[in-house]
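Chemist: Coordinates only, no sequence provided:
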Ligand SMILES: C[S@@+](CC[C@H](N)C(=O)[O-])C[C@H]1O[C@@H](n2cnc3c(N)ncnc32)[C@H](O)[C@@H]1O
Ligand SMILES: O=C(O)C(=O)C[C@]1(C(=O)O)C=C[C@@H](O)C=C1
């Protein structure tokens with residue numbers, strides 16, 4: 001994977017544009033997400049492990065908002081179940097192009113990996129085949145809030161018995177003091193990973209209108225409203241969490 005360091009917000013910008021997943025972001029994305037999301041490597045690797053418990057033989061596994069395919073690669077490393085295939089979906093052409101390259105490189109390095117298909121599409125307009133595992137790893141937070149229930153409902157309807165949705169998100173907290181503390185601790189995490197105060201502030205303005213986190217309570221209620229029967233948080237580090245939702 002590209003080792004280019006994320007310096008996208010290092011210089012003062014006259015006006016900070018809204019964050020988009022373009023070619024500039026693609027070049028630094030592995031470094032950016034690792035230094036911005038506490039627990040990201042642990043979450044990605046363990047999604048592979050968890051998926052091994054839910055994937056059913058001869059079914060499709062979806063990685064929705066796959067970016068460069070980190071989760072898809074983990075699924076292919078860990079799931080050893082007959083006849084499964086992975087479909088990685090993203091609507092950023094730059095992400096999809098680089099994702100395909102990385103997956104070809106993975107094919108060249110390992111044998112007997114699950115087959116994979118990379119699709120450039122809007123997940124809000126995607127027809128889902130029956131599936132035993134869906135991952136939304138830091139993707140739902142970029143979907144317009146008024147479309148989130150509809151997306152989760154379609155995922156629930158496509159999920160087979162015994163399957164699961166794995167949903168990872170940045171959280172907001174309903175208690176103001178808890179929200180402030182975890183936000184401060186996240187800033188400390190970014191500082192410890194070498195981001196300057198300017199980089200942290202400019203990134204904050206870039207994402208504030210396009211990435212809208214919900215609280216754990218909102219996620220739980222919405223997943224139940226979408227028809228899921230059980231919602232189990234399996235990971236939290238500061239204000240980032242991952243949940244398993246069962247059909
Ligand atoms: C934070 S990144 C996801 C990180 C990735 N899942 C991982 O684990 O490395 C969010 C991704 O969702 C994609 N995305 C946002 N809205 C989308 C939509 N409506 N349809 C498809 N992809 C979308 C973005 O292009 C971006 O690549
Ligand atoms: O919350 C932040 O400050 C972030 O940088 C988070 C986040 C994310 O959760 O997706 C935002 C955009 C990039 O995709 C990488 C990380």
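Modeler: Arrived safely. Model, not experiment: these values are computed from the prediction. Ligands and ions are numbered 1, 2, ... in the order given.

Chemist: if I look at residue 164, how far off is residue 74?
Modeler: 15 Å (C-beta to C-beta, to the nearest Å). Every C-beta, even on glycine, is put in place using the N, C-alpha and C of the backbone.

Chemist: ok and the residue in this structure nearest ligand 1?
Modeler: residue 65 (2.9 Å; C-beta to the nearest ligand atom).

Chemist: Counting neighbours, what do you get for the closest residue to that residue other than its chain neighbours?
Modeler: Distances taken as C-beta to C-beta, 6 or more residues apart in numbering put residue 139 closest to residue 65, at 2.7 Å, once the chain neighbours are dropped. Residues within reach of residue 139, counting by other C-beta atoms under 10 Å, total 21.

Chemist: again, but for residue 153
Modeler: Neighbour tally, residue 153, other C-beta under 10 Å: 16.

Chemist: my read: it touches residue 227, true?
Modeler: Yes - counting by C-beta atoms under 8 Å, residue 227 is a contact partner of residue 153 at 6.4 Å.

Chemist: Next SSE downstream of the one helix or strand residue 119 maps to?
Modeler: Per DSSP states H and E: residue 119 is located in strand 116-120. Using DSSP H and E, the helix or strand that follows strand 116-120 in sequence is strand 131-137.

Chemist: Could you see whether ligand 2 lies near that next one?
Modeler: No - using C-beta under 6 Å from any ligand atom, we find that strand 131-137 stays clear of ligand 2, coming within 9.0 Å at best.

Chemist: Any chance you could list what contacts the helix or strand following that strand?
Modeler: The first helix or strand that comes after strand 131-137 along the chain, using DSSP H and E, is helix 148-158. Contact partners of helix 148-158, identified using C-beta atoms under 8 Å, 6 or more residues apart in numbering, comprise 64, 123-124, 128-131, 134, 136, 140, 143, 165, 214, 222-223, 225-228, 247.
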